[in-house]
Every structure is written in C-alpha cells, then in structure tokens.
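Enquirer: sequence isn't available, so here's the structure alone:
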C-alpha cells in the first residue's frame, strides 16, 4: 500500500487563503498528527484529502493517484463536527453509510455486528440514534468510519466527548489499525494526545505548514533547555544566576525547581557547581525534552 | 446517474416509504380531499343549479313561515296551497320580525302591494343561523299564487291538467363535444375531477419539495452531511435525494390514482343505492346506470392519455421544484429561516391554485394558456385543462418542453449552490452569498 502525499496544496475562499502550499506525506502503518489552533486550516486540508473540496493548486495523491471519487471508497473520515440521523435505527444508518462506501449489505451486516459488540453497543442496534447517549453516538460514528475497512483513516478530534474508559478502547483499536498497515491521520489541538499517539506530526498555523516530520526527530531539533532539579539544602547561587539572566525559574517548590537555561549558561558547569556545594544533596538533575506544546509555541509564537 | 446516487435514492425511498406518516397520508389524503370537494360541489350545486331532484335535502321538520301580506289577495292563495313542508301563518310585519328573531318562526315573507304589478319583489326574512328554508321552493309557491291571482283578474281559471303542464320544467342537459367524436355528459363531474387532480398535484409538489428541504436541513443541522459527502459528491447526494423522495411521491400518486379509479368504479353503484328510483318516476327495477343518467349524474371518464400526461407533469414539475427546495435546505440552518427563501417558490405554486376555478370554468382563456405554458406554474393548470377539455398538442408539447428545459436548468443551478453551501453552517443566507458562491464554484 502506498502513501498519502500532499504536494504544495493551496485552497482559497475568495480573498482568504485557508491552506497555502501544504506538503506532507502520511505513510502506511504510521499515525500522522495534524496539529494547529482552531482556524489554522486543518479542516480545509482534511476536506481536500477527503475530496470534499478541490485544491486550487497542488496535488494530493493516494497510492500515486490523484484523490477523487475513487479514493473516497478507500477512506474513512470522522469529522470534528459530526452527527447521525436522529430518527433512524443505528444498524440501518450504519448499513446505509457503509453502502455509500461500496460495502455489500451482507458484508456490512457482519461487520456492524462485530463492531457494535466490540464497542459495547450490541443491544443498541435497533434503537434510534436519538435514544443513545452522546458517548454512544460517538462510538457509532467511529464504527461508521472504520466499517468499510478503509486504507486511509482520518480522525478529527476522535476523543472529544469520550470518557476515559472508552478513550482507551478507541486507542487500542487505533493501535491495531496502525499495526494492520493503515494510514492514519489524527487531527487535534490536544497536544498531549498527539504526543502520545503519533509517529509523525504536521504543525499548521494560519494556513501554512510550519513544522513537519518524525515526532522524535522534530523534538530532537529543539534544544533541551529546560532543567528539572530536586535537591536538599540551599543553593543561593541560583538566585544570583537568575539575576545575571543565565537561568529563569519556571517553577519553585519545596526541595526543587524547574528552570529554563539561557544560551550563556552551560548545563555541565551548573551541574559541577551544584555538586560542589558541601551541604547540598542532589537527587535529580534532568535536562527535559521540550513538549510538543512548547515546540508549537516556539514555532508559531502563540498559544495553541 | 451514478451507483452512489442510486444508493442514496434507495435509502431515501426505503426510509420514507416504510414510515407511518407515509402510510397514513397515502390512505387518508384522498378521503379528505374528496370529502372537501364533495362538500364544495354539493354546496355549489344547491346554490347555482336548479336541478330537479337535487333540491337541498332539508330535514323533515315542517318550516313555520309567516306571510305578511299587503296585497290582501296573495296571502290566502298561498295559505291554501297544500305544501306539506310548510306551515303558513298570517302575521303583521313587527310581530313576524320578532318571532323570526326569537325562533318561534323559521321565516317570514313580506309581500308588498307592488308585488302584483311586478314593481317590487316579495322579500324573505330568515334568522341568521336558523334552520334552512328552501328559498326557491317558496318563490315557486308565491309565483303560483300570483299567477292564479292574475289569471282570475282576467276571469280565467285553469284546470289541474293545465297547471301540471305549466309546471313542467326543462332541465338543460350538457354534452361536451370534442374531437375525435366522443361524447361526455356533465361538465360538473369533470370540474370536480380537474379540481381533485389539480389539488393533488399542488399538494404533492409542496409536500415532496418540503420533504427534500427538511431532509437537507436535518443532514446539515445534525452534521451528518460531512460524512455523507466524504463518500458521495454533493451532486450525487442532491440527485439521489430528489429522485428518492420523487419515487416515494410517484408510488403515492399511483396509489392515489388507483384509489380514484376504484372510487369511480364503485361510485356509480353506491350513489345508485342511495337514490330512490321513485323520485324520478322510474320503476324500482331499473339499474343504477339509468338512475344516474336520469338524475343527471355522470361519472368522469379518465383517459389513459390524461394519466400519462399527469404523471409526466408531476415528474418534471417535481424535479423542477425538488431541486429548488433542496437548495433552500442547503442555504439555511433551520426551517424557520427557510421561510423567506421559500416565498419565491411557494408563490407560483399558490398562483396555480388560485386560478384553479377560473381555469376550470374557462380552460381555453388567455390566462389559462399563459399559466399552463410558463414552467413555474404549468403543472397544475395544464393537467387541469387536460382533465376538463382538450388541449392543442402544440401547447402541450411547448409547455412540457419548457418545463423539462427549466428543470434541467434548476438542477444545474441548484447543484452548484448546494455544493457551495452544504458545509457552511451558521451563516445567514443572502442573495449576495448565494450568487457569490455560485460564481466562485
């Protein structure tokens, strides 16, 4: 199975450019996190991949072929703004949605049974969607997304509204699909989820791609400039260093602190200095990897 | 048409055709409609036409009618007439007035002096909301008394035989001539047929159009639409939806037309059963057909051509309006918001119904021709004209051609507006926006 490739994709609405020259590659068996604040252009980008919108410029290919009606059958899309027909029985609408993806009714009946019982909804198939709780409806929507066994799965904020137990079930299924070699696109503005789940990331801000690549590599690109210290005793020289602008306290607490070290401060020298204080017992000295959130703020210069 | 629009069509059809609402409306609408027209028809017959034997059915209670007679001659003659349905009393103007108001009398007739010379006419006073009094029958009784009085003034008396001869009246039977030589009786029954067919068409266009609109609004408000159009193109969705609901309509129409045929077949025997052959001086052994023909009731004949054209007009008219209703659905977030946008759609539909009776009365008039050619108003007037008379083939073809051309145009425009707006939520639809998107898309 081939990859999903976006090449310099641009979409304009009148005078507003919603997505500008976006390029990335999502490969089978990996989860790509699409990050960005609200209004960054994530949804527009996803809609172009889903062939709901057509790019003004650039190309989107799956397996080397430009996406179109054909790729819609091989793709499952769980939009951020999603819903079900309120007055139709769950099984019936799942069959309908599967049929739209080209799934034969006989196949869809078996698959619906499997997924409904796997997600604990076995008893709810004949009920109307309006009788289901919001969390249950979320699960039904997820089933609709994966029912056609799509090669490409697009999940836009899949965990919103789900309780921790169901979130875990979903995570497990996503992991299975990754194992099975599907291409998974995961859009969110919840950084900790992306950090936990994704192999690759794409940061989008104001319609532009500001950062992309393997999550670990991306992180390594950013300096470890945050230091966590746990100790017993006094270290008054730290205050002096802050005054000199060499360090900046981020947090101070009984027996420790986190601080940011500036470019003119050598962490190695700082460690030596701490060890040389006679009455000070050092328990922890850790240069922390920047979080995705911090990377984002550094890159975009604003809150997510 | 793509496979996906077929899936949508089937989904829409199955969902709607198996609903309780569908089954109920299919069964009840014709009953209500025919009842409605029967009442109107009955009232119209009673008010306009003096058909022997079709005099309004009054109840059996004799009506108490006072005669306020200034002539001093007519009153006695009226009182002497043996009319079982009336009890006549002589009275003074003031007391009769009060008695009618109090309900002691059903009516009073004021006959002035000049009534004999014909300078003025007798006046019947009844209480508003009181029991029905057959005005024409009373007029007949007074007329007879007046004639007797005038005859006696000239020293003429007439025998019972002569009176019977004078009482003979003629009812003018109507025969509709058309080419090829086919004869049909009673334009009245055709007017009812045309009215029923026209109303069904009008209701169907509005009901099915609204179904599409509400369906589109529902998909937008529940946001299920984004999932749908990640599987099918908005055009396929629009087409599948319009065709699916249209198929529901077609099935419903077919059932209604079949019910109508069945009704017409059964109507003869039923009406015949309800009528008394004695009323028409017929022997009790005559068959229903004879009773109906003597009573001047003839049931309309529905031709195959009428059915085919009716269905063709329904399909094209429905597709024309269906696409436009779907577009309105794609532009608004709630049914309430749709009201203003619906105005330009509903107006031509209502115009078709407003002109229902003028067209029935005069199917070849200029207004009938104009309305039945203009695509936005043609479905109802044209089928109406087809039901009550003959339409030149060139008018039929021109009208239908214009309608088909317009529905293709409306679907084309609708698909563009639909595609551009189906995913924009929460923004008020404006003409600028509609056409802005239209140009951009």
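Expert: Structure received. Fair warning: this is a prediction, and the values are worked out from it, not measured in the lab.

Enquirer: who does the residue lying closest to residue A:256 once chain neighbours are set aside bridge with?
Expert: Of all residues not flanking residue A:256 in the chain, residue A:230 sits nearest, at 4.1 Å (Cβ to Cβ, 6 or more residues apart in numbering or on different chains). No exception for glycine: its C-beta is placed from N, CA and C like everyone else's. For residue A:230, the beta-bridge partners are residue A:256, residue A:284 (DSSP bridges).

Enquirer: what does the longest helix seen in chain A contact?
Expert: Among the segments of chain A that qualify as a helix by DSSP state H, the longest is helix A:164-179. Helix A:164-179 has contacts (Cβ atoms under 8 Å, 6 or more residues apart in numbering or on different chains) with A:29-31, A:118-119, A:135, A:138-139, A:142, A:146, A:153, A:155, A:158-159, A:162, A:184, A:186, A:197.

Enquirer: what are the phi and psi values for residue B:103?
Expert: Dihedral angles phi and psi of residue B:103 (degrees, to the nearest 10) take the values phi 100, psi 0.

Enquirer: report the buried residues of stretch B:108-128.
Expert: Neighbour counts over stretch B:108-128 (16 or more other Cβ atoms under 10 Å in any protein chain shown) mark B:108, B:109, B:110, B:111, B:115, B:116, B:122, B:125, B:126 as buried.

Enquirer: chain B contacts on the stretch 1-150 of chain A?
Expert: A:13-14, A:47, A:50-52, A:69, A:72-73, A:75, A:77-79, A:81-86, A:88, A:92, A:96-97, A:99-102, A:141, A:144-145 (Cβ under 8 Å from any Cβ of the partner chain).

Enquirer: just the buried members of those?
Expert: A:47, A:50-52, A:72, A:75, A:77-79, A:82-86, A:88, A:92, A:96-97, A:99-101, A:141, A:144-145.

Enquirer: and stretch B:80-96, how far apart are its ends?
Expert: Length of stretch B:80-96, first residue to last, Cα to Cα, to the nearest Å: 20 Å.

Enquirer: just the mean pLDDT for that stretch, thanks.
Expert: Taken as a whole, stretch B:80-96 has a mean pLDDT of 81.

Enquirer: which non-adjacent residue is nearest residue B:73?
Expert: residue B:149 (5.4 Å).

Enquirer: again, but for residue B:417
Expert: residue B:327 (4.9 Å).

Enquirer: do the same with residue A:273
Expert: residue A:237 (6.5 Å).

Enquirer: pretty sure the one you found contacts residue A:270?
Expert: No - using Cβ atoms under 8 Å as the test, residue A:237 is too far from residue A:270 to be in contact (9.3 Å).

Enquirer: these two: who's more crowded?
Expert: residue A:270 (20 against 13; other Cβ atoms under 10 Å in any protein chain shown).

Enquirer: chain neighbours aside, what residue packs nearest to the more buried one?
Expert: residue A:261 (7.1 Å).

Enquirer: burial of that neighbour, as a residue count?
Expert: The burial count for residue A:261: 19, using other Cβ under 10 Å.

Enquirer: test my guess that it contacts residue A:269.
Expert: No - between residue A:261 and residue A:269 there is no contact under Cβ under 8 Å: 10.3 Å.

Enquirer: list the buried ones in the helix or strand hosting residue B:343?
Expert: Under the criterion of DSSP states H and E, residue B:343 resides in helix B:335-354. Of the residues in helix B:335-354, those buried by neighbour count under the rule 16+ other Cβ under 10 Å are B:335, B:338, B:341, B:342, B:345, B:346, B:348, B:349, B:352, B:353.

Enquirer: widest-spaced pair of those?
Expert: B:335 and B:352 (22.9 Å; Cβ to Cβ).

Enquirer: show me where the stretch 151-300 of chain B has its helices.
Expert: B:160-167, B:187-221, B:224-228, B:234-274, B:288-294 (DSSP state H, counting those that start in this stretch).

Enquirer: quick check: angle from the longest one to helix B:187-221?
Expert: Here helix B:234-274 runs at an angle of 150 degrees relative to helix B:187-221 (axes from the mean of the first three to the mean of the last three Cα atoms, to 10 degrees).

Enquirer: give me the helices and strands touching helix B:234-274, please.
Expert: Contact here means 3 or more Cβ pairs under 8 Å, 6 or more residues apart in numbering or on different chains; DSSP states H and E; on that basis helix B:234-274 packs against helix B:3-17, helix B:20-48, helix B:187-221, helix B:288-294, helix B:304-331, helix B:393-421.

Enquirer: as a markdown table, the ones you listed with mean neighbour count and mean pLDDT would be great.
Expert: Putting those into a markdown table (neighbours: other Cβ atoms under 10 Å in any protein chain shown; pLDDT from 0 to 100) gives the following:
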| stretch | mean neighbour count | mean pLDDT |
| --- | --- | --- |
| helix B:3-17 | 19 | 91 |
| helix B:20-48 | 13 | 73 |
| helix B:187-221 | 21 | 84 |
| helix B:288-294 | 16 | 59 |
| helix B:304-331 | 22 | 89 |
| helix B:393-421 | 18 | 87 |
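
Enquirer: to residue B:366, which of the ones you listed lies closest?
Expert: helix B:393-421 (12.2 Å).

Enquirer: what's the closest one packed up against?
Expert: Short answer (3+ Cβ pairs under 8 Å, 6+ apart): helix B:393-421 packs on helix B:234-274, helix B:304-331, helix B:366-373, helix B:379-388, helix B:431-440.

Enquirer: which elements pack onto the second one?
Expert: The contact analysis (3+ Cβ pairs under 8 Å, 6+ apart) places helix B:304-331 against helix B:187-221, helix B:234-274, helix B:335-354, helix B:379-388, helix B:393-421.

Enquirer: got the angle between the third one and helix B:304-331?
Expert: Helix B:335-354 and helix B:304-331 are oriented at 160 degrees to each other (the same axes, to 10 degrees).

Enquirer: with the last one instead?
Expert: Here helix B:393-421 runs at 20 degrees with respect to helix B:304-331, directions being taken by the same axes, to 10 degrees.

Enquirer: same deal with the fourth one?
Expert: Orientation check (the same axes, to 10 degrees): helix B:379-388 against helix B:304-331 gives 170 degrees.

Enquirer: what sits up against helix B:379-388?
Expert: Contacts for helix B:379-388 (Cβ under 8 Å, 6+ apart): B:187, B:190-191, B:193-195, B:197-198, B:201-202, B:205, B:300, B:305-306, B:309-310, B:313-314, B:316-317, B:352-353, B:355-356, B:359-360, B:363-364, B:368, B:371-372, B:391, B:396, B:399-400, B:403.

Enquirer: from residue B:326, how far off is the residue nearest to residue B:232 when sequence neighbours are not counted?
Expert: Nearest non-adjacent residue to residue B:232, counting by Cβ to Cβ, 6+ apart: residue B:4, 4.2 Å away. The gap separating residue B:4 from residue B:326 is 16 Å, by Cβ to Cβ, to the nearest Å.

Enquirer: go on, residue A:78?
Expert: 26 Å.

Enquirer: pLDDT score for residue 267?
Expert: If you meant another chain, say so; for now it's chain A. With respect to pLDDT, residue A:267 has a value of 87.

Enquirer: my bad, the chain I had in mind was chain B
Expert: So, for residue B:267, pLDDT stands at 68.

Enquirer: cool, and residue B:152?
Expert: 85.

Enquirer: now do the same contact list for residue B:326.
Expert: So residue B:326 contacts B:212, B:213, B:216, B:238, B:241, B:242, B:414, B:418 (Cβ under 8 Å, 6+ apart).

Enquirer: now do 6 Å
Expert: B:212, B:216, B:238, B:414 (Cβ atoms under 6 Å, 6 or more residues apart in numbering or on different chains).

Enquirer: distance of the most centrally placed residue in chain B relative to residue B:122?
Expert: The centroid of chain B falls nearest to residue B:195 when counting by Cα atoms, centre = their mean (3.8 Å). Per Cβ to Cβ, residue B:195 is found 36 Å from residue B:122.

Enquirer: residue B:234 too?
Expert: In terms of Cβ to Cβ, residue B:234 sits 73 Å off from residue B:122.

Enquirer: thank you, goodbye.
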